[in-house]
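In: Got a sequence here, can you model it:
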Amino acid sequence: MPEIKTVLCATIDPWSEPMGGHVTLSKQLIQAFGPRLAVASVCSEALPEGRWLSRDFNGQEIQFFSFGRFQLPKGPKPLIPVRLQIYWKAKRHMSRLYESGVRNLLLESPELLFAASSFQWDSVCYNFAGVTNPVTYSRYRMARIFGPLFEDRMIAAFHRIRPEVLIAAADGDAISKMQERTQGRLKQFPIYSFPTRVDTRKYYPENKTESRDRVGLPQNATVLLSLGRLSWKNGWALPLDAVRLLSRSIPNLKMVFVGDGEDRGQIEAKASLLGIRDNILITGFLPYDQVRAYINAADVCLVASHWEGWSAAMIEEVACGRPIVSTSVSGATSLIRQGSNGYILPTRDPACYAEAIVKALHLPSVADVSLPIAEQYAVTNLARDLGALWRPLAPVS
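Out: Next comes the predicted model:
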């Protein structure tokens, strides 16, 4: 086995299929750096725990260290939060990972930070998937009162592990707000805005008619699309309320949720209550080629999140050249040119959201605006950009 120096500590198995920013970034990092970057994470397969083995990733042999088998729950939220389950698994095996000679870590979540912070690594890069406090906005309502305590503990872990670099999938304004919220206690560590990337070989414009045929959507429908995990954080109630308003004036209106998650039943129940259940389609998790087909089949893509880091779904929709109506989340102003390839709404008013959807239906030449934007965030630039910030992954001369 080759010497392992730099490891991506991933929250979810990068070989698994669920959508979301964590898995997307992990896959992109492995694609960008190949065997230079080993991986340690929970595993969706029954592989041996606590030791190194090789796994094939698109034809490349990647060294992998399993923290234990774990499957993301698809139904209602589990009794024990996923974050805690992953922390316990990582904590149990972190000493063995350290003893194997690893000295450089790329961490991507608080639970992995906590598990790793008791050890003296040579260099650590931490990636904020978003700069809001995840406990303050937890789906476990009782847990939210512990938000300030959680953030204090997280900052203490940073001071123990002393990261060389902090990167954040967030824009500069969101990072500044985090620094204010934490009263400057992270200012000694450099924090760089590091946007979510898109693989433009997987997400690109396709003919809308052909895409609808592929996924079975009617050609005469007006199709709205929401992409991502079905979680309250993603604000699914807002597009449902907008669809109820639009259904009065737009015939054959279809709202497609591409994804799955713990709130699926609540979405279906609310759609029935609003009298729009027949307008709603929930696809479940899909492979990327079908996700691309659904995006290209849509007339308008909707982002309704209460907050985001830097939305993976939004950049994929931009790469497909589709118009977007979004709430004012981090990254939106970098990806959306107001009135050219979409609209950003400062409020969560359903009537305003519905009005913006109608305007977005008539935007001309959206792809001409969106595709150059997507190229700025292409995954082909990932190795160069991260290597410029973090020494262990700097270009090899």
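In: what stretches of the stretch 151-300 of the chain score poorly on pLDDT?
Out: Of all residues in the stretch 151-300 of the chain, none has pLDDT under 70.
In: for it, what spans make up the helices?
Out: Under the criterion DSSP state H, counting those that start in this stretch, helices of the stretch 151-300 of the chain are mapped to 172-181, 208-215, 237-246, 264-274, 288-297.
In: Indicate which one of those is closest to residue 16.
Out: Of all those, helix 288-297 sits nearest to residue 16, with 13.0 Å by CB to CB. Backbone N, C-alpha and C define where each C-beta goes, glycine included.
In: Check which residues of the closest one are buried.
Out: Within helix 288-297, the residues that count as buried by 16 or more other CB atoms under 10 Å are 291, 292, 293, 294, 295, 296, 297.
In: Just name the closest of those to residue 347, please.
Out: Ranked by distance to residue 347 (CB to CB), those are led by residue 295 at 25.7 Å.
In: Checking the closest residue to residue 108 other than its chain neighbours next. Helix, strand or coil?
Out: Spatial nearest neighbour of residue 108, excluding adjacent residues (CB to CB, 6 or more residues apart in numbering): residue 127 at 4.7 Å. Reduced to three states with DSSP: H, G, I helix; E, B strand; the rest coil, the structure at residue 127 is strand.
In: Now that residue 127 has come up, it's in contact with residue 112, right?
Out: No. Counting by CB atoms under 8 Å, residue 127 stays clear of residue 112, with 10.1 Å between them.
In: more neighbours, these two?
Out: The neighbour comparison of residue 127 against residue 112 (other CB atoms under 10 Å) goes to residue 112, with 26 against 22.
In: list the buried ones in the helix or strand hosting the more buried one?
Out: Using DSSP states H and E, residue 112 falls within helix 110-116. Residues 110, 111, 112, 113, 114, 115, 116 are the ones in helix 110-116 that count as buried (16+ other CB under 10 Å).
In: Look at residue 65 and say how many residues are nearby.
Out: Applying other CB under 10 Å, we find 24 residues neighbouring residue 65.
In: can you map out the strands along the protein?
Out: 6-9, 38-43, 52-57, 60-69, 104-107, 123-128, 165-168, 191-193, 222-227, 253-258, 280-282, 300-303, 324-327, 342-345 (DSSP state E).
In: want to throw those into TSV with distance to residue 212?
Out: Formatted as TSV, those follow (distance: least, CB to CB, whole Å):
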stretch	distance to residue 212
strand 6-9	38
strand 38-43	37
strand 52-57	32
strand 60-69	35
strand 104-107	40
strand 123-128	36
strand 165-168	37
strand 191-193	37
strand 222-227	8
strand 253-258	10
strand 280-282	12
strand 300-303	14
strand 324-327	19
strand 342-345	21
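In: ok, what's across the strand from the residue nearest to residue 108?
Out: Beta bridges link residue 127 to residue 167, judged by DSSP bridges.
In: how about it, what does it touch?
Out: The neighbours of residue 127, taking CB atoms under 8 Å, 6 or more residues apart in numbering as the test, are 25, 106, 107, 108, 166, 167, 168, 169, 194.
In: residues making contact with the helix holding residue 112?
Out: Helix 110-116 is contacted by residues 9-11, 83-84, 86-87, 90-91, 94, 105, 107, 124, 126, 134, 150, 153-154, 157-158, 161 when judged by CB under 8 Å, 6+ apart.
In: pLDDT of that helix, averaged?
Out: Helix 110-116 carries an average pLDDT of 96.
In: mind exporting it as PDB, just the C-alpha atoms?
Out: Output of helix 110-116 as PDB, limited to C-alpha atoms (Å, rounded to 0.1, in the frame of the first residue of the first chain):
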ATOM      1  CA  PRO A 110     -18.200  19.700  12.800                       C
ATOM      2  CA  GLU A 111     -18.700  16.100  13.800                       C
ATOM      3  CA  LEU A 112     -15.400  15.100  12.100                       C
ATOM      4  CA  LEU A 113     -13.700  18.200  13.500                       C
ATOM      5  CA  PHE A 114     -14.700  17.100  17.100                       C
ATOM      6  CA  ALA A 115     -13.500  13.600  16.400                       C
ATOM      7  CA  ALA A 116     -10.100  14.700  15.100                       C
END
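In: Go ahead and measure how far it is from the middle of the chain.
Out: Distance of helix 110-116 from its chain centroid, counting by CA atoms, centre = their mean, to the nearest Å, is 19 Å.
In: Check stretch 67-85 too.
Out: Relative to its chain's centre, stretch 67-85 lies at 17 Å (CA atoms, centre = their mean).
In: first to last residue in it, what's the distance?
Out: The first and last residues of stretch 67-85 sit 11 Å apart, counting by CA to CA, to the nearest Å.
In: buried residues in it?
Out: 67, 68, 70, 72, 77, 81, 82, 83, 85.
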